[in-house]
Structure formats: C-alpha cells, structure tokens
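Asks: Whatever this is, show me its structure:
(2 chains)
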Amino acid sequence: MRVDYRIEHPVALSASFEVEGFTVLLGASGEGKSLLLRAIAGLLPARGEPFDGLPPQQRAVGYLPQGHALFPHLNAWQNVAFALRGPHRRGHAVEWLERVGLATLAERRPAQLSGGQQQRVALARALARRPQLLLLDEPTSALDPATRDDVLAELIAEVHVAGIPALAVSHDPALAAVADRLVLMHGCRIVQAGTPMEVHAQPASGAAARLLGLRNVLRGRLAGAADAQRLVWEEAGVSLPVRTALADGTEVDWHIAPEAVALHEADAVPADTIVARVELRQMTAHGRYAGLRCGQARLWASLPSGDVAGTVRLGLRPSAIRCWPA
Amino acid sequence: MRPRLTTFAAALALLLLAAPFAGLAIVTDWRHLGFAHGDGSAVAVSLGLSLVALLLIVALGTPLAWWLARHRVRGQWLVDALLLLALLTPPLAMGLLLATMYGPYGPAGRLLERAGLLLTNSAPAFVMAQFYAALPYYVLAARAAFEGVPRELEQIALTLGHSPARSFFHVSLPLARLGLAAAVALAWVRALGEFGVVLIVAYYPQGIPVKLWTNLQDIGLSAVYPLLWVFFLVALPLPLALGLAVRRRLA
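Replies: Numbering: from 1, shown residues only, chains lettered A, B, ... in the order given. Just a heads-up that it's a prediction; the model follows:
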C-alpha cells in the first residue's frame, strides 16, 4: 500500500513511501512521525492517500498509539468488543483475544495487565475492526527490555498472520532490525527506503546511519586531492588518510565499524596512528566493546579477545572508512 | 505541618461546621414539632421543581461543559468571564436582572408571555431562578470532569469506527462519571437551597427556602425549625448517595 501524506501544521511534513508487510518508519524524536500516523488515522487535518478526506470513523485503520490507549473502564474483552457490532460481540471478542493468546485474561481490566499484554489487547482490538492498514506508534517504547524481543516477535508474527500491511514508527533501531521494509525519515522528509538489508548495506547519509543505530558516525572535513586525500577529524585533533570521490573541503559525516578499528599497544607505534584512552568497557550479549576517548570525540572498538586498558593506538584503515557529504 | 497540628486544625474545622446544626438540634422543640400551613406544599414545590431544574441544567449544561473542555477558540476568555460573572452576581441582583429580562415588562418576558409562558411568580419562573443559580456551578464542575478524560481515548473510539456521538456516550461520559456525579450533586444543592434569585422572580409558588422566610415573618423561629429538618431530610439523600458512590469508586 502506498502512503502519501502532507501535513502543514503543527509541523510541515510530507512523506510518500510504500508499506509492505511490517514496515518501520525510523526517525529521531520530534520528526513528526506520530503526527504522520495521526494524520493517516484522520485525527489531524492533513491531505493524502489513502483515506483522503474521510472522517476517522470511516477510515479502515487499526491505530495503536503509544501506551496502547485501552479503555480503563472496560475489561479486556470489552475493549476488543468496542470495535465490534452485533449480538455476538462477546464471542468474537474472545476469539480475537484467543488469537493473541490472551483468552484467559478476558475479564481483566487494563490496569491488571502487563505492558506486553496490554499491547496485545490493543492489537486484538485494532484487528477486530478489520483494518486495511495497521498503524503502530513506538510499539517498543512501553515494553520491558527483558521480554521486548519476544513480545516484538509475537507482534510481528501476528501482523504476518493477519496479512495486513503495518506501519510502525519508531526511533528504536532494534525495531528496524526486524522490519520487512525500512523507511528512514530525517528533516521531516523521507531520506531512504528499502529492505533492511539494502538500507543497512548502503545508508544514504550520516543521518541515515545514525538512525540505524550505527556506532562511530562522526563529523569531519576532507582535505587534499583524490590521490592523497585526508579526513580532518577536528574533534580528535587528527587527520586520517581516506579514499573518496568527494571534492576537497567537503564537510562529511564519516563512519567506521567498531569491528574495523584496530587496537595496538601504545608502545608498538606505527607512526601515523591515533592515540586514544580506554574510557569504558561494555560487555553485552552481542559482543564486547571499548569506548575510546580521542580528544573531544568518542570512538567504539570491538574487542574480539583479551582486554585493553590505559592508552592505546588506533589503526583506521582507509578502505574501512565511509564518507557522506554532510 | 506537624501531624498533631493538622489533626487539631481538621477537628476544629469539623467542630465549626457542626456548631450551627448542634444548635438547631438543641433549640428544636422536639415534643411540639408542629408544621405551619403550607409547609407540605413547599416541600412538594421544592422537590418537584428542583428536579425539573436539575434535568434542564444537566441537559443544557453538559454539552456546554463538554464543548468548553474540548475546544479552544479565540475569545474563550469571554466565556470564562461570563461563567464567573454568573457565579459572582449576588443572588438578589441576579433575581433583579432576571426580572428585568424575563419580567412582564422585560423584552424576553413580553415575547414569552405572548407565547403563553409566564416567567413571574409561576412554576416556570421558579425553575428558571434555580436554573440560573445552579447552572454555572454545574458547568464548571462538569468541564473539569471532561477535561480529566484523556482525549486520546475519545479519538481511539473514532478510529474503531464509532461516531463522535457514540464516542461521547461510550467513552467520555463513563470516564467522566465520577466528576459529573459531583457536578450533579453540587447543582442539586445549589438549586434546592437558592433563596435570593427565587425570592425576586418567584415568590410564589413557595419552595422551602422562601417558606422558611415567610414562616419566620408570620409566626417566628418555632415555625422555621421543623421545616428546616424536613428540608435536610429531602435534600440530603441525592448528593450524599452520589458522593458515597464516587468515593467508593475511587477507593
């Protein structure tokens, strides 16, 4: 489904992109992502397709706002039944709750449900309305970090089973990681769209790379001709050899993957390397990183094995550095 | 404030509140509790017509309160000022203003009289006086109740396919019900106890507050107390029950 909307107020924003399967619109806070969802749901004056000009009650959308907005005066099945008409409302509502695995909690009030359970009730309610498009506002924001990935997997599985295109807006790269399709928004407009693999392989700009959660996206300036080009990294007070097709003097966002940052003992000195201080070590389930202080800047390096402390020297291969005009 | 000081202040406030009623209980001549002529019909007039006034206040005040809670328009301070004006106007002055507008020589009064609606010394005049006395209180309290309803929930109801009217009745109204109950109780108390406005535009038919006044004038204090007890007996149950229901919900 193609979404094409233009908002004038309170933020001027226009967005046109394709929604397929579970599509994530990634953007920083304050970009107007929530406004876009509200506009599509008809809750904000705006022009665009689909549903142009229709009042909200005639738009076939399932809208899940942040915090889920369950009716506190109704229990779970009554919340779902709110989207239903007719004499068999209760039975159908319980069937929808069964689909999201919550039939046993049908009599519970929203306040008695966990964040993930509330989200599933809200999803059941939105699906019961039989929408043509699901709209999810920051679906990971109210989730417990420990169970987030599972709740998210559940949510996406439900969306796939329902076979309804879903548009989730978020600033959370973890959500982007599980999308079928990724749309990046920066400066109140769409800057890139594609499958997560395409977008991750080739971020269109430094801003896009930051949105994707890439570490080590930094500012710099190119100096010198193409064959002897250097990247002036002012925050660290150094310059590095690079190879780009960009002109001399271009302000750039540049990136180097933490895995490509080579660490050397301080006394094994290749002459043109950068001196850095190990500021902190980060151990996660997904890997080990060192946070390095280089002048005013911070650089992350992955630690394949062993440990580092104190002062180190960095090797930043020119071929591992990617530059975008800023 | 230290807890003991707080307790003391609260106890003092309660004591001060209770003092006049304790006095009433003491001075009432319980053995010779007699009613003046017309006390019974005063009770009927007060109860019956206050109920009509209350229905009108709820029917007209609720949409206004909801509109005020949900819309921001330029010049809204004028509406706020108007509500405050209605609250501020001393009851006697409000009665005079109503008489000026709706009385036999008033611009609206003349038109309405031609249509068969007499708004001086009549049941409709009595209802009108109570309506004006209690409406601003109801609107302010009901507006606060509606402002407490998250707008997002009303909007969600729309996205689930409900019309704005259904959203109002199934979401806004139930979620505001505690505050609305308090608003109804307040309006009832204000309407039933109103003396000044009623005195000017509807000396007849006599409700309890005006009858207390005429009893005092014609007979004396001994004729005031019994009617006052009856007044408490008929006026208290509705706001008391509403208040208890609210408190039980909140607990």
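Asks: contacts and neighbour counts: CA atoms only from here.
Replies: Fine.
Asks: which ones are touching the residue in the stretch 51-200 of chain A positioned nearest to chain B?
Replies: Nearest residue of the stretch 51-200 of chain A to chain B: A:Q57, at 4.1 Å (C-alpha to the nearest C-alpha). The neighbourhood of A:Q57, defined by C-alpha atoms under 8 Å, 6 or more residues apart in numbering or on different chains, consists of B:L158, B:T159, B:L160, B:G161, B:H162, B:S163.
Asks: Including distance to A:G187, could those residues go into CSV?
Replies: Below are the contacts of A:Q57 laid out as CSV (distance: C-alpha to C-alpha, whole Å):
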residue, distance to A:G187
B:L158, 30
B:T159, 28
B:L160, 32
B:G161, 33
B:H162, 35
B:S163, 35
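Asks: so which of those residues would you say is closest to B:L83?
Replies: B:S163 (29.9 Å; C-alpha to C-alpha).
Asks: Please name the residues that touch the closest one.
Replies: Counting by C-alpha under 8 Å, 6+ apart, B:S163 makes contact with A:Q57.
Asks: Sheet partners, orientation included, of the helix or strand of chain A with the lowest mean pLDDT?
Replies: Within chain A, confidence by mean pLDDT, DSSP states H and E is lowest for strand A:261-265 among all helices and strands, at a mean of 80. Using DSSP bridges, the strands paired with strand A:261-265 in its sheet are strand A:311-316 (antiparallel).
Asks: next SSE after the partner strand?
Replies: As assigned by DSSP states H and E, the chain's next helix or strand after strand A:311-316 is strand A:322-325.
Asks: And that following strand, what does it pack against?
Replies: With contacts defined as 3 or more C-alpha pairs under 8 Å, 6 or more residues apart in numbering or on different chains; DSSP states H and E, the packing partners of strand A:322-325 are strand A:251-255.
Asks: Would you mind pulling the contact partners of the strand it packs on?
Replies: For strand A:251-255, contacts defined as C-alpha under 8 Å, 6+ apart pick out A:205-206, A:215-222, A:321-326.
Asks: one step back: the residue of the stretch 51-200 of chain A closest to chain B - nearest residue in space that isn't next to it in sequence?
Replies: B:G161 (4.1 Å; C-alpha to C-alpha, 6 or more residues apart in numbering or on different chains).
Asks: thinking again about what came up before, ok, of the contacts of strand A:251-255, which come out buried?
Replies: Neighbour-count burial (16 or more other C-alpha atoms under 10 Å in any protein chain shown) applied to the contacts of strand A:251-255 gives A:205-206, A:215-222, A:321-325.
Asks: residues of stretch B:72-88 that come out buried?
Replies: Neighbour-count burial for stretch B:72-88 [16+ other C-alpha under 10 Å]: B:L83, B:A86, B:L87.
Asks: for stretch A:103-121, how far is the first residue from the last?
Replies: By C-alpha to C-alpha, to the nearest Å, the extent of stretch A:103-121 from end to end equals 10 Å.
Asks: check whether stretch B:241-249 contacts chain A.
Replies: No: using C-alpha under 8 Å from any C-alpha of the partner chain, stretch B:241-249 never reaches chain A; the gap is at least 11.2 Å.
Asks: Quick check: buried residues in that stretch?
Replies: Buried residues in stretch B:241-249, counted by 16+ other C-alpha under 10 Å: B:L242, B:G243, B:V246.
Asks: Report how many residues lie close to B:A176.
Replies: By the measure other C-alpha atoms under 10 Å in any protein chain shown, the count of residues near B:A176 is 19.
Asks: where does the residue located most distally from the centre of chain A fall, helix, sheet strand or coil?
Replies: Distance from the C-alpha centroid of chain A, by C-alpha atoms, centre = their mean, peaks at A:P87 (41.7 Å). Three-state call for A:P87 (DSSP: H, G, I helix; E, B strand; the rest coil): coil.
Asks: Pick the one among the buried ones among the contacts of strand A:251-255 closest to A:A262.
Replies: Using C-alpha to C-alpha, A:I321 is the member of the buried ones among the contacts of strand A:251-255 that sits closest to A:A262, with 12.6 Å.
Asks: strand partners of the biggest strand by length in chain A, parallel vs antiparallel please.
Replies: Counting by DSSP state E, the longest strand found in chain A is strand A:274-284. As defined by DSSP bridges, the strand partners of strand A:274-284 come to strand A:287-294 (antiparallel), strand A:311-316 (antiparallel).
Asks: Check what contacts the shortest one and list those residues.
Replies: If you take C-alpha under 8 Å, 6+ apart as the criterion, strand A:311-316 is touched by A:240, A:256, A:260-266, A:269, A:273-278.
Asks: Work out the gap between it and the centre of the chain.
Replies: Strand A:311-316 sits 31 Å away from the centroid of its parent chain (C-alpha atoms, centre = their mean, to the nearest Å).
Asks: next one: the longest one
Replies: Distance of strand A:287-294 from its chain centroid, counting by C-alpha atoms, centre = their mean, is 23 Å.
Asks: Skip ahead from that strand and say which helix or strand is next.
Replies: strand A:297-302.
Asks: A:L37 contacts A:L134, correct?
Replies: No: between A:L37 and A:L134 there is no contact under C-alpha atoms under 8 Å: 9.7 Å.
Asks: Give the residues shared as contacts by these two.
Replies: With C-alpha under 8 Å, 6+ apart as the test, A:L37 and A:L134 both reach A:Y63.
Asks: Compute the number of surrounding residues for residue 125.
Replies: Looking at chain A here, since you left the chain open. Counted by other C-alpha under 10 Å, the residues lying close to A:R125 total 28.
Asks: wrong one, I was asking about chain B
Replies: If you count neighbours by other C-alpha under 10 Å, B:A125 ends up with 25.
Asks: pLDDT score assigned to it?
Replies: B:A125 is assigned 95 on the pLDDT scale.
Asks: residue contacts, it?
Replies: Residues in contact with B:A125 (C-alpha under 8 Å, 6+ apart) are B:L118, B:L119, B:V201, B:A202.
Asks: Where does it fall, secondary structure wise?
Replies: With DSSP H and E as criterion, B:A125 is part of helix B:123-147.
Asks: Of the contacts of B:A125, which belong to helices?
Replies: The helices, defined by DSSP state H, take in B:V201 from the contacts of B:A125.
Asks: Which one of the strands paired with strand A:274-284 lies nearest to B:G40?
Replies: Here strand A:287-294 is closest among the strands paired with strand A:274-284 (C-alpha to C-alpha), at 86.9 Å.
Asks: Please spell out which residues along that closest one are buried.
Replies: A:Y289, A:A290, A:G291, A:L292, A:R293, A:C294.
Asks: Closest to A:R148 out of the residues you listed?
Replies: Distances from A:R148 to those, taken by C-alpha to C-alpha, are shortest for A:Y289, at 22.7 Å.
Asks: Do I have it right that the closest one meets A:L299?
Replies: No: between A:Y289 and A:L299 there is no contact under C-alpha under 8 Å: 10.1 Å.
Asks: Which residues of the stretch 101-250 of chain B lie near chain A?
Replies: Counting by C-alpha under 8 Å from any C-alpha, the stretch 101-250 of chain B sits next to chain A at B:152-153, B:155-163, B:171, B:174-175.
Asks: For ChimeraX, write a command that selects the buried ones of those.
Replies: This is the ChimeraX syntax for the buried subset of these, where burial follows 16+ other C-alpha under 10 Å:
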select /B:153,155,156,157,158,159,160,161,162,163,171,175
